[in-house]
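Visitor: No sequence on hand, only this structure:
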């Protein structure tokens, strides 16, 4: 009961549901095996979790949707989508509450409405019931076959890793160090707490910073203590197939990062690009040998405390005009790409996504509101103000236009990107997430 109350108080039940949607390691929600669950046929049932209830699954493409009448117990089949190209029917199943009793009945109701259930995929939008055994028993697989890797990517979650593993128990595939969202969460959580929680330029904050090292190694110890896998995070450096020198530098940076993870006890890792898989595999093979994991490495030497997790002020590095301009430029370029439909994009040799864009805008917001002085390009000190940032936004847009050309700039969505970035970085109130107002600007 204590674990459940802690999770719910911090909003981490939602974090678990969100992590299920992002599942990529080990056993996936989309690896259920065919099982006989209806009198007239068999089913190859696929489950998936999406935190955005208002949007269709990515696989749908051209489709027709309408409300379905099938309902059962604590779950309702809220939408039926027919995908013509794949001749597949998708059912979107939403929970009424967290009771978790009705997966079997729901699947039977869906099966009864279809002549050939093999052409049906069921997407569950879960509460806590997502990882209960009823869903697995309904399709004839052992309890614990469906597992989730949970991203530890918010500051509160770092203090509740034991509780998260307890809640999932046999349904846990491990925890993942979601480093970029975690950095965003540091700024977001402590944005008004003064100098002790100010970070230097984002590009100099590495996993060796004391508070990040504490977070990363405590994750390994917690996972291995409970028999779960510890999955490393994503190095932002991406390879280049056109620039040999840039490619070599990126591979060296990734190798360094994965070596740190493997020697710290991680069992595997994420990468930002398929070309990085061989490097990551090679590094982990050197440490693990023939072992599939190193969960036997209990890291009993790790003795970090809450104070270590909170020790942001020991992070080395400076706050500079270059860092400010990089935040603005990356934010503008990413938002232009996001509004055009790209969720991840290469900028200055790094993979940028919503998490890194959040860092870019939230750090600028924090610097303005705390009156931070940065080192300028001519070696002076200057306070970061709203007026200066407005000027920097215009200057960085001019640089982007010069770099990509007037035609490419004109065909983009830079006007919208500028308005959105200015709204998020310069507003008096801090918006929870960048993507919330961004969705309102989607074409």
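Guide: Looks like it came in fine. Small disclaimer: the values here were computed from a predicted structure and weren't measured.

Visitor: which SSE is the residue lying closest to residue 317 once chain neighbours are set aside in?
Guide: Closest residue to residue 317 apart from its sequence neighbours, by Cβ to Cβ, 6 or more residues apart in numbering: residue 200 at 3.0 Å. C-betas here are computed from N, CA, C, even on glycine. For residue 200, there is no host helix or strand (DSSP states H and E).

Visitor: hang on, isn't residue 200 packed against residue 319?
Guide: Yes - Residue 200 lies in contact with residue 319 (Cβ atoms under 8 Å); the separation is 5.4 Å.

Visitor: Tell me which other helices or strands the helix or strand harbouring residue 397 touches.
Guide: Here residue 397 sits within helix 386-404, counting by DSSP H and E. Counting contacts by 3 or more Cβ pairs under 8 Å, 6 or more residues apart in numbering; DSSP states H and E, helix 386-404 is packed against helix 321-339, helix 354-369, helix 414-426.

Visitor: what comes up buried for that helix?
Guide: Within helix 386-404, the residues that count as buried by 16 or more other Cβ atoms under 10 Å are 389, 392, 393, 396, 397, 400, 404.

Visitor: Quick one: list the elements packing against the helix of greatest length in the chain.
Guide: The residue-count maximum for a helix in the chain (DSSP state H) belongs to helix 244-264. In this structure, helix 244-264 makes packing contacts with helix 210-225, strand 268-269, helix 277-288, judged by 3+ Cβ pairs under 8 Å, 6+ apart.

Visitor: What are the buried residues along that helix?
Guide: By neighbour count with 16+ other Cβ under 10 Å, helix 244-264 contains the buried residues 247, 250, 251, 253, 254, 255, 257, 258, 260, 261, 262, 264.

Visitor: what separates the third one from residue 271, distance-wise?
Guide: Remark: distance between residue 251 and residue 271 (Cβ to Cβ, to the nearest Å) = 11 Å.

Visitor: Spit out the residues that contact the two alike.
Guide: Jointly contacting residue 251 and residue 271 under the rule Cβ atoms under 8 Å, 6 or more residues apart in numbering are residue 279.

Visitor: what number of residues lie near the nearest residue to residue 202 once chain neighbours are set aside?
Guide: In this structure, residue 202 finds its nearest non-sequential neighbour in residue 359, 5.2 Å apart by Cβ to Cβ, 6+ apart. For residue 359, the neighbour count with other Cβ atoms under 10 Å is 26.

Visitor: Residue 433 too?
Guide: Using other Cβ under 10 Å, residue 433 has 13 neighbouring residues.

Visitor: Which segments of this protein make up each domain?
Guide: By the assignment in automatic domain parsing, the chain contains the domains 29-146, 150-314, 321-440.

Visitor: how about CSV for those, with mean pLDDT added?
Guide: As requested, the domains of the chain are exported to CSV (pLDDT from 0 to 100):
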stretch, mean pLDDT
domain 29-146, 42
domain 150-314, 92
domain 321-440, 94
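
Visitor: How about residue 203: what's its closest non-neighbour residue?
Guide: residue 326 (6.6 Å).

Visitor: Let me know whether the one you found touches residue 204 as I believe.
Guide: No - shown here, residue 326 and residue 204 do not form a contact pair, counting by Cβ under 8 Å, at 10.7 Å.

Visitor: higher neighbour count, the two?
Guide: The neighbour count for residue 326 versus residue 204, taken as other Cβ under 10 Å, is higher for residue 326 (18 against 15).

Visitor: Could you measure from the more buried one over to residue 262?
Guide: Applying Cβ to Cβ, the value for residue 326 to residue 262 is 30 Å.

Visitor: now swap in residue 274 and tell me
Guide: 20 Å.

Visitor: And residue 216, by the same measure?
Guide: Where residue 262 is concerned, residue 216 sits at a distance of 12 Å (Cβ to Cβ).

Visitor: Can you check which residues contact both of these two?
Guide: Common neighbours of residue 216 and residue 262, using Cβ under 8 Å, 6+ apart, do not exist here.

Visitor: related to what we said a few turns ago, if I take the longest helix of the chain and helix 277-288, what angle do their directions form?
Guide: Angle, helix 244-264 to helix 277-288, by axes from the mean of the first three to the mean of the last three Cα atoms, to 10 degrees: 30 degrees.

Visitor: residues contacting the closest residue to residue 300 other than its chain neighbours?
Guide: Spatial nearest neighbour of residue 300, chain neighbours left out: residue 221 (7.5 Å); criterion: Cβ to Cβ, 6+ apart. Residue 221 makes contact with 265, 298, 299, 300, 302, according to Cβ under 8 Å, 6+ apart.

Visitor: Let's see if you can find the most crowded of these.
Guide: Ranking the contacts of residue 221 using other Cβ under 10 Å puts residue 265 first, with 24 neighbours.

Visitor: In this structure it contacts residue 288, no?
Guide: No - look at residue 265 against residue 288 with Cβ under 8 Å: they stay out of range, at 10.4 Å.

Visitor: so what sits against both of the two?
Guide: Common contacts of residue 265 and residue 288, defined by Cβ under 8 Å, 6+ apart, comprise residue 294.

Visitor: What separation is there between residue 423 and residue 389?
Guide: Taking Cβ to Cβ as the measure, residue 423 falls 12 Å from residue 389.

Visitor: Please apply the same query to residue 265.
Guide: 41 Å.

Visitor: Repeat that for residue 278.
Guide: Per Cβ to Cβ, residue 278 is found 42 Å from residue 389.

Visitor: Please apply the same query to residue 244.
Guide: Computed as Cβ to Cβ, the residue 244 to residue 389 distance reads 37 Å.

Visitor: now residue 352
Guide: Residue 352 sits 19 Å away from residue 389, going by Cβ to Cβ.

Visitor: just residue 188 next, same as before
Guide: For residue 188, the distance to residue 389 equals 18 Å [Cβ to Cβ].
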